[in-house]
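Participant: Could you work out the structure for the sequence below:
(chains A, B and C)
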Amino acid sequence: MAFLLRRLAFYLAAFLAAATINFFLPRIMPGDPIQIMFASAGSELSLENLNALKLTFGFIDAPLHEQYFSYLKSVFTGDLGRSIKYFPLPVTELLGRALVWTLGLVGIATLLSFTLGTFMGVMAAWRRGTRFDSIVSLSAIFSSSVPAVVISLIVLFVFGYTLRWFPNGYAADPMLDPGFTWDYIRSVLYHGTLPLLTLVIALSGGFAVTMRNNMINLLGEDYIVMGRAKGLSDKNVMLWYAARNALLPTVSSLAIAIGTILSGSLIIEVVFNYPGLGNTLYQAILARDYPVIQGQLLIMTAAMLVSNFVVDLSYVLLDPRLKKA
Amino acid sequence: MTNPVLSVRNLVIDYIGAETDFHAVKGVSFDIQPGELFGLAGESGCGKSTIAFAVSRLHRPPALIRKGSEILVDGRDVLTLDDDALRAFRWREVAMVFQSAMNSLNPVLTIEEQFYDVLRTHTQTTREAARARAAELLKLVDISPDRLSAYPHQCSGGMRQRIVIAICLALNPKLLIMDEPTTALDVVVQREILQRIDTLRKQLGFAVLFITHDLSLMVQVSDRIGIMLEGHLVEVNDAQTIYHSPQHDYTKRLWASMPKLHGAQIVREATS
Amino acid sequence: MPLIRQLLHNKKALVGLTILTLIVLIAIFAPLLTEYSPVRRVGRPHQPPSWEHWLGTTRLGHDVFSRLIHGARVSLAVGFGAGLLITVIGTILGIIAGYKGGWIDEVINFFTNMVLVIPNLPLLLVLAAFIGQASPLVIAIILGLTSWAWGVRVTRSETLSIRQRDYVKSAEMLGEPSWRIMAFEIFPNLISIVGINFIGSVIFAVIAEATLEFLGLGDPNTVSWGIMLYNAQNASALSVGAWWDLLSPCLALALLGLSLALINFAIDEIANPRLRTGGMLNRWTRLVHAGEGKL
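Facilitator: Here you go, the predicted model:
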């Protein structure tokens, strides 16, 4: 419990740091920060609306520290300002809508690739030096070095444009009404296949090699030899003695990987024109819609912190040494 | 004379390298009689642990037991067993206590589960029956049955080692191998555990292969002792004989290097 | 140095080093390898690969091959420049935190962990967006200043274990100043960790630069692989069938990344002998099959 509380306090500090970056960035750039932040609006913004936005971002007639607290107050009350491109849509609403798709994509891809990769890593470590082991090593080299943008463009080229097996964009058929109908769900799955495939290709190898190396480092441990000496079946020793213990460091490496996964999904969404955070952000970058660009840093940081907390929780569940006696 | 429990014949074990091999065990032969406590001594790296691992065939590549070696347990050559027969043989006939007391229990399973998996694998048993048997075994090593639901990290080092011994006795093995079982424990706990083993051995009738580099301890507890040097078994004899009149030069040097505190006491007994 | 000699005996490292050397040579001699300027219109738009234009032309009629080999210079410069900066910062902070301990360690460790949980790409996007059209130099600098955390973590934990060794203790007894101990007793023992960190950072920087530029945060007048991707994507290269425009920088990035990753895995294998699957296992398997012995 103390462990989890400490983590929570730390996550709060990290979120504060992200907000602080947002606050200072326009202010340390050369030029007028207000001009920088809202330049893309041109003269379309009424004075009243502009003043409301200025207040949200802490541009008030007061010393810097008061500006800072004013901005923090906005952030912690959930007011991230309004999109300039889609004025007056609030940033939270714009990003919130997109977040659903991103979280779905990232969640499923993480689950799939973690399961697949971990399983491959266990098998590779158990059958050390076989051809399967070399294949796992090669796929890990591949996924640690080939950029997500490259993998997704090649997947799009092969399956989308050349073979024409899957659609080239959107999360669902735009002609269908969103809802829990079979047609709509099927369309979502159909459209999600390529982005999902790309993420799984990009991620599995990394999980596999982490698990493989953790397993190999454990195989010499006395308790694993004792498991074999007890006459337990290979499967039993492999799963309940070796893999179950190797899973602990693998899960903690998952926490660090989440940042990479989120970043990867941003790119993939742009390539596949998928309506998640990445694509929304891409549009915002092209339009220099700074409130949205700043808002995504906070939302992504929050997503990252929540996932880290989930990893912490599962770590506590997996490792009896962290549970209270 | 009865048939030996363990009969090692011409055992040769190499560690295979990319170009040359390391010869760890070079043609070792010895017997252990039922109920006997046989000590195997030597410096670290002399091949004594390699022999211990070979008896249950626990080696992993690149270790290689060369052809022509024989390891007979109760007259049956362990090296001819297929995978299934080998799994059935392990723990039922030969159980083993490993070097590190802190580390030989699986940290993520409760004590009960570590009794249950071995009982379930080798016998037709229910969870309840296994639990009862585990409690009974723990009693043999003076541990309260409520420890069954604990995880290894909740037990002290000495307690963990006694739990391992209790798990070893689960299937009434004929031979118990102890590979430097007390190195990580303090002296008092060491003695206590060895005394316990001695009592249980007389009570249950299993033989013990005891491996250590602690010579004074070995001389006190063993019936017979074998001395290893660089993969060879250079001398085997009764504990008292080998102590009082060592034949091999290396044995003499080993005795000379024994800590004076224990050594002096025994030498005085011997000369008086 | 033994590490380099061992690398030359490792198959993965050899393949990686060969590809990398090739890319470096091509980048250096780019002007000699093509008659076309990378920034001039030299043909009709979107011509497919031909004898005249080996990798075809872009929508603006630029020669793709020429842009590709000139762009290699930018990718390599940003990759190695930012990689070096990331490694220097990470190594120095990691050694100081691990060796000094106490409050210094706590402060460094706190900031490191904090940077690790703020997602890297979104942070880079915000920074780059405020800077405007970022030149490769600016991209390299922001990468260097934001991406050192992983290096600090691994260097610190390795330093913690080295600090306990006898030769460090004896240097302390002799009254050596702590900067000398860190530089001459600890650093030399971190070479493989630093090497892995450096090459990993180079891979990261190459990928991040291409990604930022692909997302429209780079300077569109640069000749680089990321800008090539950005232009090709904007020209809808795939939907108009001009696959060469998009796939050429893709394959170049993949090749550079793979060559670096192969070297990195090789260093890891050399530093962690347990992970190796070497000739001894092959020999062992042959002996078992020949009936020479068993387990």
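
Participant: buried sites along stretch A:54-70?
Facilitator: A:54, A:56-59, A:67-68, A:70 (16 or more other CB atoms under 10 Å in any protein chain shown). For every residue, glycine as well, the C-beta is placed using N, CA and C.

Participant: swap in stretch C:126-136?
Facilitator: For stretch C:126-136, the neighbour count (16+ other CB under 10 Å) marks C:126-131, C:134-136 as buried.

Participant: which stretch of helix or strand covers residue A:5?
Facilitator: Assigned by DSSP states H and E, residue A:5 belongs to helix A:2-28.

Participant: no, scratch that, I was asking about residue B:39
Facilitator: Per DSSP H and E: strand B:37-41 holds residue B:39.

Participant: on that earlier part again, for the helix holding residue A:5, packing partners?
Facilitator: For helix A:2-28, the packing partners by 3 or more CB pairs under 8 Å, 6 or more residues apart in numbering or on different chains; DSSP states H and E come out as helix A:33-38, helix A:64-76, helix A:290-318, helix C:102-117, helix C:120-131.

Participant: Establish whether the first one and chain C are in contact.
Facilitator: Yes. Helix A:33-38 comes into contact with chain C when judged by CB under 8 Å from any CB of the partner chain, the residues involved being residue A:36.

Participant: Going by neighbour count, list what's buried in that helix.
Facilitator: In helix A:33-38, counting by 16+ other CB under 10 Å, buried: A:33, A:36-38.

Participant: now, which of these sits nearest chain C?
Facilitator: residue A:36 (7.0 Å; CB to the nearest CB).

Participant: So which residues on chain B come close to chain C?
Facilitator: B:14, B:16-19, B:57, B:59-67, B:69, B:79.

Participant: 7 Å instead, please
Facilitator: B:16-18, B:57, B:59, B:61-67, B:79 (CB under 7 Å from any CB of the partner chain).

Participant: Whichever of those end up buried, select them in ChimeraX.
Facilitator: Those of the residues of chain B next to chain C that count as buried under 16+ other CB under 10 Å are selected in ChimeraX with:
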select /B:16,57,59,61,62,63,64,65,66,79
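
Participant: For the helix or strand hosting residue B:7, name the packing helices and strands.
Facilitator: Using DSSP H and E, residue B:7 maps to strand B:6-15. On a contact count with 3 or more CB pairs under 7 Å, 6 or more residues apart in numbering or on different chains; DSSP states H and E, strand B:6-15 meets strand B:22-32, helix B:48-55, strand B:63-66, strand B:70-73.

Participant: Now do that strand against helix B:48-55, angle only.
Facilitator: For strand B:6-15 against helix B:48-55, the angle by axes from the mean of the first three to the mean of the last three CA atoms, to 10 degrees is 110 degrees.

Participant: Pairing partners for strand B:6-15, with directions?
Facilitator: Partners of strand B:6-15 in the sheet, by DSSP bridges, are strand B:22-32 (antiparallel), strand B:63-66 (antiparallel), strand B:70-73 (antiparallel).

Participant: How about residues contacting that strand?
Facilitator: Contact partners of strand B:6-15, identified using CB atoms under 7 Å, 6 or more residues apart in numbering or on different chains, comprise B:21-32, B:50-51, B:54-55, B:62-66, B:68-73, B:175, B:209.

Participant: if we can go back for a sec, taking the residues of chain B next to chain C together, which two end up most distant?
Facilitator: With CB to CB as the measure, no two of those lie farther apart than B:18 and B:79, at 25.6 Å.

Participant: circling back: centre of the chain to the strand holding residue B:39, how far?
Facilitator: How far strand B:37-41 lies from its chain's middle: 9 Å, per CA atoms, centre = their mean, to the nearest Å.

Participant: and what of stretch B:165-177?
Facilitator: 10 Å.

Participant: residues of that stretch that come out buried?
Facilitator: So, applying 16+ other CB under 10 Å, buried residues of stretch B:165-177: B:165-171, B:173-177.

Participant: Can you tell me which of the residues of chain B next to chain C is closest to chain A?
Facilitator: residue B:61 (7.9 Å).

Participant: correct me, but the closest one touches residue C:282?
Facilitator: No. Assessed by CB atoms under 7 Å, residue B:61 is found out of contact with residue C:282, at 10.3 Å.

Participant: And the helices in the stretch 51-200 of chain C, which stretches?
Facilitator: Taking DSSP state H, counting those that start in this stretch to define them, one finds helices in the stretch 51-200 of chain C at C:64-100, C:102-117, C:120-131, C:136-146, C:149-162, C:166-173, C:178-180, C:191-214.
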